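**Student:** sequence below, structure please.
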Amino acid sequence: MVNNKNISKVFFLFLFAHLALWTLIPFLTNVNLPLDTIEALAWGSNLDWGFDKHPPFSAFAAQFFFLIFGPNDFAYYLLSQIFVIIAFIFVFKFSVEIFKDKILAFLSLIVLESIYFYNFTSPEFNVNVSQLPFWALTIFYFWKSIKENKLPYWMLFGIFSALGFLSKYLFIYILLALFIFFISNFKKYKKSLNKYFFSIFISLTLLTPHFFWLFENNFITIFYGLNRSGVSEFNYIDHFIAMSYSIVI
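**Tutor:** Next up, the predicted model:
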């Protein structure tokens, strides 16, 4: 029976089971690595502070594993699951902070495990998997920062915010949400303002090489995202025609 005394053992058993299953199954059944993983390895072979499609962190991680394990497919399935496991660990820690109950925290983890992006697509190491741990780490340390207002927590929040953004630009939505939360509760957290700005300074410092790269390469990554989303060719008439068509149907 699961209770608060043995929940830690169940938690670590769950992590090990996920890690083993989602590393071994694709390794034993896939003929080749997924395309996005191959792309990250290709980028990693010529490291830079950005690439035409994405910021560089996923390439950094893939290259780090390549230097250790070489062209061993198993290593890159393992890399993906390490990122997922880190996310699980900090979601669990954050849930304990919120619920004050490890069983409820573990149940929140089971719900997360059932989400498509944490299981079936997770063996393909790419920018989406790369940002998963930084979602959890950023939110966890933001919570610890506003709760305890300790400088090390604010520093970690700044570091993980930058690494999340270097994984994928869409990470900025989380940062904007946290900023809005902070401003909306400014009276409550105004004593933390200086440390919050210091965390932003840390993030911007870490992001500076990437910003220089963007400027030197004519913001190619940003334009790729805009073109991929269709924003650069957005037509209001087409939008209203499509909306009217959907209403009629």
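
**Student:** which residues sit in contact with residue 73?
**Tutor:** Counting by CB atoms under 8 Å, 6 or more residues apart in numbering, residue 73 touches 27, 30, 32, 33. All C-beta spots, glycine's among them, are computed from the backbone N, C-alpha and C.

**Student:** relative to residue 6, how far out is it?
**Tutor:** 36 Å (CB to CB, to the nearest Å).

**Student:** residue 217 reaches residue 55, doesn't it?
**Tutor:** No. Counting by CB atoms under 8 Å, residue 217 sits too far from residue 55 to count as a contact (11.8 Å).

**Student:** who's more crowded, the two?
**Tutor:** Between residue 217 and residue 55, residue 55 has the larger neighbour count (other CB atoms under 10 Å), namely 26 against 16.

**Student:** just flag the most distant two among the contacts of residue 73.
**Tutor:** The span of the contacts of residue 73, defined through CB to CB, is set by 27 and 32 at 11.4 Å.

**Student:** out of those two, which sits in the busier spot?
**Tutor:** Summary of the neighbour comparison: residue 27 and residue 32, criterion other CB under 10 Å, with residue 27 having more neighbours (17 against 8).

**Student:** what pLDDT does the model give the more buried one?
**Tutor:** Model confidence at residue 27, given as pLDDT, is 97.

**Student:** list the contacts for it?
**Tutor:** With CB under 8 Å, 6+ apart, residue 27 has these contacts: 73, 74, 77.

**Student:** before we move on, back to that, just the contacts of residue 73: which are in strands?
**Tutor:** Among those, none falls in strands (DSSP state E).

**Student:** could those residues go into a markdown table alongside distance to residue 142?
**Tutor:** Listed next are those as a markdown table, based on distance: CB to CB, whole Å:
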| residue | distance to residue 142 |
| --- | --- |
| 27 | 35 |
| 30 | 37 |
| 32 | 39 |
| 33 | 34 |
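
**Student:** hey, where'd the helices end up in the protein?
**Tutor:** According to DSSP state H, the chain carries its helices in the segments 7-29, 35-44, 57-69, 73-99, 102-113, 127-148, 151-167, 172-184, 186-189, 193-216, 220-229, 236-248.

**Student:** lowest-confidence stretch among those helices?
**Tutor:** Looking at these, the weakest mean confidence is helix 236-248, a mean of 49.

**Student:** does residue 88 touch residue 18 like I think?
**Tutor:** Yes. Using CB under 8 Å, residue 88 is in contact with residue 18, at 7.3 Å.

**Student:** gap between the residue nearest in space to the middle of the chain and residue 197?
**Tutor:** Computing the C-alpha centroid of the chain and ranking residues by CA atoms, centre = their mean puts residue 131 first, at 1.7 Å. Distance of residue 131 to residue 197, computed by CB to CB: 24 Å.

**Student:** find residues that contact each of residue 88 and residue 18.
**Tutor:** With CB under 8 Å, 6+ apart, residue 88 and residue 18 have common neighbours residue 113.

**Student:** with neighbour numbers in mind, choose between these two.
**Tutor:** It is residue 88, of residue 88 and residue 18, that has more neighbours when counted by other CB under 10 Å, with 22 against 19.

**Student:** contacting residues around that one?
**Tutor:** 14, 15, 18, 109, 112, 113, 118, 136.

**Student:** next, count neighbours for residue 19.
**Tutor:** 17.

**Student:** likewise for residue 153?
**Tutor:** Counted with other CB under 10 Å, residue 153 comes out at 20.

**Student:** residues touching it, list them.
**Tutor:** 141, 144, 145.

**Student:** next one: residue 192
**Tutor:** Residue 192 sits in contact with 145, 146, 149, 154, 182, where contact means CB under 8 Å, 6+ apart.

**Student:** try residue 7
**Tutor:** 102, 103, 106.

**Student:** of those, grab the buried ones for PyMOL.
**Tutor:** The PyMOL command for the buried members of the contacts of residue 7 (criterion: 16 or more other CB atoms under 10 Å) is given here:
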select buried, resi 102+106
